[in-house]
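K.L.:
Take this sequence and fold it.
(one chain, ligands or ions: 2)
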Amino acid sequence: MLVGAPSRSEARDVANEHLDELARLTDTAGGEVVGSLVQRLDSPHPRYYLGEGKARSLGELVAEREANLVIFDEELSPAQGKNLEELIKVRVMDRSELILDIFATRAQSSEARMQVELAQLEYLLPRLRRMWNHLSRIRGGIGLRGPGETQLETDRRLIGTRIGDLRRKLRDVAKARAVQRKSRAGLFRVALVGYTNAGKSSLLRALSGADLFVEDRLFATLDSATRNVDLEGGYEALVTDTVGFIRKLPHHLVASFRSTLEEAGEADVLLHVIDASHPDWEEQRQVVLEVLEDLALDDREKILVFNKTDRISEVERESLQRRIRALETTPAVFVSAHQADSLEALKETLRARIRNRLASVTVRIPYADGEAIAAVYREGEVVHRVDEAMDVRLTARLPRGVVGRLASRAGIEIEEVA
Ligand SMILES: Nc1nc2c(ncn2[C@@H]2O[C@H](COP(=O)(O)OP(=O)(O)OP(=O)(O)O)[C@@H](O)[C@H]2O)c(=O)[nH]1
Ligand SMILES: [Mg+2]
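P.N.:
Ligands and ions are numbered 1, 2, ... in the order given. Sure, this is the predicted structure:
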């Protein structure tokens, strides 16, 4: 049973869209929706979130439809969750908990698993008493009835220790990744960010040819993946796919995924992927901007990438373009991850960025490697040349893609100068 409690000022179709999204989340988690209940509220009631009468009707509806789980779109305080469970007699969770559950079942890598566990434990800690009550009820109570404060204290301590443990391990993983990133320095770095299901992984798949997991469900991707993308014309970029965002993303989850998202933090440019065919793309865009702000990434260079344009008509496309112009912000490109030839504009935009972002380097190239020397003159701007016995030393401004290519050739030494 889904419950929404939007404020009175929220438009009806927006409120419906939110409940639809909650239904999709429920489906992703493997649940089946048997009904929903909405109460417009300007401020939540302390006891049940809903008004008392509405909370009782919820109880009746749950009994009538034989629901065994209630999911609130709004965040419940530990006390509200507990009161509702006592009143309705089935498990009550909020959107945060549902999202945590989805992450927990979908996390693949050990890092993602640790991040989810950390977020879950942090969510659980203030709610421990309620969880105990719940356990004692479903297990019939004997032996578990009214766990004493001691048991609760022991559990709190254990959880606290585990949280410290996970934080330490995650810090180590992040350090290792930072080292790995350094070894890829020099290449132009791009990160795909955006609302869940916008098509980030599909886009990276279309750009790189790599076989990435794509699914028409929320949160298909939980780990970041980086692939080399050939932008043609001698340009290349390292493109990172990241976990999708969603409205009301649980705070703990954002915090614990921070290190995975550090990949995005080091990008030269963020591609903000938007599902152009989604009626609520503007709200989704806003949500993404807020999460980016949360992650202190809002000052990054961004390109808006309107994806799934194969799904919209010419008329819709025009109205879309008008709405984008009204935003007066970041440059925008239109693509469809399902149509390879639609990616050219995006590639050209990236190539232009790379051209604008030349690295200042000194390169020492053996005379024997005439090809590399020619490449520096052709693709970069040479500001100084010193001829030595076996090598030529060039000080030049070079596209980062070229720097990366030169670095991988034998006998060439490159140093970046500030
Ligand atoms: N018609 C159409 N469908 C697309 C396009 N791009 C992606 N899709 C579909 O949209 C769904 C989600 O795509 P993903 O690439 O998994 O989206 P994502 O942004 O990586 O999603 P998360 O990893 O869940 O955040 C899949 O069913 C894709 O096939 C597109 O350009 N056109
Ligand atoms: Mg994905």
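K.L.:
so what pLDDT did the residue in the stretch 151-300 of the chain that ligand 1 sits nearest to get?
P.N.:
Nearest residue of the stretch 151-300 of the chain to ligand 1 (Cβ to the nearest ligand atom) works out as Gly244 at 2.4 Å. To be clear about C-beta, it is placed using only N, CA and C from the backbone, and glycine gets the same treatment. pLDDT, Gly244: 89.
K.L.:
correct me, but it touches Ser201?
P.N.:
No: with contacts counted by Cβ atoms under 8 Å, Gly244 stays clear of Ser201, the gap being 9.0 Å.
K.L.:
Find residues that contact each of the two.
P.N.:
220-221 (Cβ atoms under 8 Å, 6 or more residues apart in numbering).
K.L.:
Show me the domain layout of the chain.
P.N.:
The record's domain parsing of the chain by automatic domain parsing lists 2-100, 107-178, 186-355, 357-416.
K.L.:
Redo the ones you listed as CSV? Include distance to ligand 2.
P.N.:
Shown next, in CSV, are those (distance: least, Cβ to the ion, whole Å):
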stretch, distance to ligand 2
domain 2-100, 13
domain 107-178, 12
domain 186-355, 3
domain 357-416, 25
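K.L.:
could I get those domains as JSON lines with mean neighbour count?
P.N.:
What follows is the domains of the chain, written out as JSON lines (neighbours: other Cβ atoms under 10 Å):
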{"stretch": "domain 2-100", "mean neighbour count": "17"}
{"stretch": "domain 107-178", "mean neighbour count": "14"}
{"stretch": "domain 186-355", "mean neighbour count": "19"}
{"stretch": "domain 357-416", "mean neighbour count": "16"}
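K.L.:
Please identify the residues of the stretch 201-350 of the chain in proximity to ligand 1?
P.N.:
Contact residues (Cβ under 6 Å from any ligand atom) of the stretch 201-350 of the chain with ligand 1: 201-202, 214-216, 218-221, 244, 307-308, 310-311, 336-338.
K.L.:
Those residues in strands, which ones?
P.N.:
Among these, the members falling in strands (DSSP state E) are Asn307.
K.L.:
Among the residues of the stretch 201-350 of the chain next to ligand 1, which lie within helices?
P.N.:
201-202 (DSSP state H).
K.L.:
circling back to that earlier point, worst mean pLDDT among the domains of the chain?
P.N.:
domain 107-178 has the lowest average pLDDT among these, namely a mean of 76.
K.L.:
Packing partners of the one helix or strand Glu263 maps to?
P.N.:
Counting by DSSP states H and E, the element that carries Glu263 is helix 262-265. Helices and strands touching helix 262-265, by 3 or more Cβ pairs under 8 Å, 6 or more residues apart in numbering; DSSP states H and E, are helix 149-182, strand 188-194.
K.L.:
With only the CA atoms kept, save it in PDB.
P.N.:
C-alpha atoms of helix 262-265 as PDB (Å, rounded to 0.1, in the frame of the first residue of the first chain):
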ATOM      1  CA  GLU A 262      34.600  11.300  -6.500                       C
ATOM      2  CA  GLU A 263      35.200  10.000 -10.000                       C
ATOM      3  CA  ALA A 264      32.700  12.600 -11.200                       C
ATOM      4  CA  GLY A 265      34.500  15.100  -9.000                       C
END
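K.L.:
Skip ahead from it and say which helix or strand is next.
P.N.:
Downstream of helix 262-265 (by DSSP H and E), the next one is strand 269-275.
K.L.:
Neighbouring strands of that following strand in the sheet, and parallel or not?
P.N.:
Here strand 269-275 is paired, per DSSP bridges, with strand 188-194 (parallel), strand 302-307 (parallel).
K.L.:
could those strands go into CSV alongside distance to Asp165?
P.N.:
What follows is the strands paired with strand 269-275, written out as CSV (distance: least, Cβ to Cβ, whole Å):
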stretch, distance to Asp165
strand 188-194, 29
strand 302-307, 36
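K.L.:
returning to that earlier point: could you dump the helices and strands packed on helix 262-265 to CSV with distance to Leu295?
P.N.:
Formatted as CSV, these follow (distance: least, Cβ to Cβ, whole Å):
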stretch, distance to Leu295
helix 149-182, 14
strand 188-194, 9
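K.L.:
who touches the helix holding Glu263?
P.N.:
Outside of helix 262-265, the residues within contact range by Cβ under 8 Å, 6+ apart are 174, 177-178, 181, 191, 193, 224, 226, 240, 242, 270, 295-297.
K.L.:
which residues does the nearest residue to Phe245 once chain neighbours are set aside contact?
P.N.:
The shortest distance from Phe245 to any residue other than its chain neighbours is 4.6 Å, reached at Val291 (Cβ to Cβ, 6 or more residues apart in numbering). Remark: with contacts taken as Cβ under 8 Å, 6+ apart, Val291 is in contact with 245, 249, 254.
K.L.:
and Val291, that one's in a helix?
P.N.:
Yes: per DSSP: H, G, I helix; E, B strand; the rest coil, Val291 lies within a helix segment.
K.L.:
can you give me the helices in the stretch 301-418 of the chain?
P.N.:
Using DSSP state H, counting those that start in this stretch, the helices of the stretch 301-418 of the chain run over 314-327, 344-356, 370-379, 400-407.
K.L.:
got the angle between the shortest one and helix 370-379?
P.N.:
Same thing as helix 400-407. Calculated by axes from the mean of the first three to the mean of the last three Cα atoms, to 10 degrees, helix 400-407 forms an angle of 170 degrees with helix 370-379.
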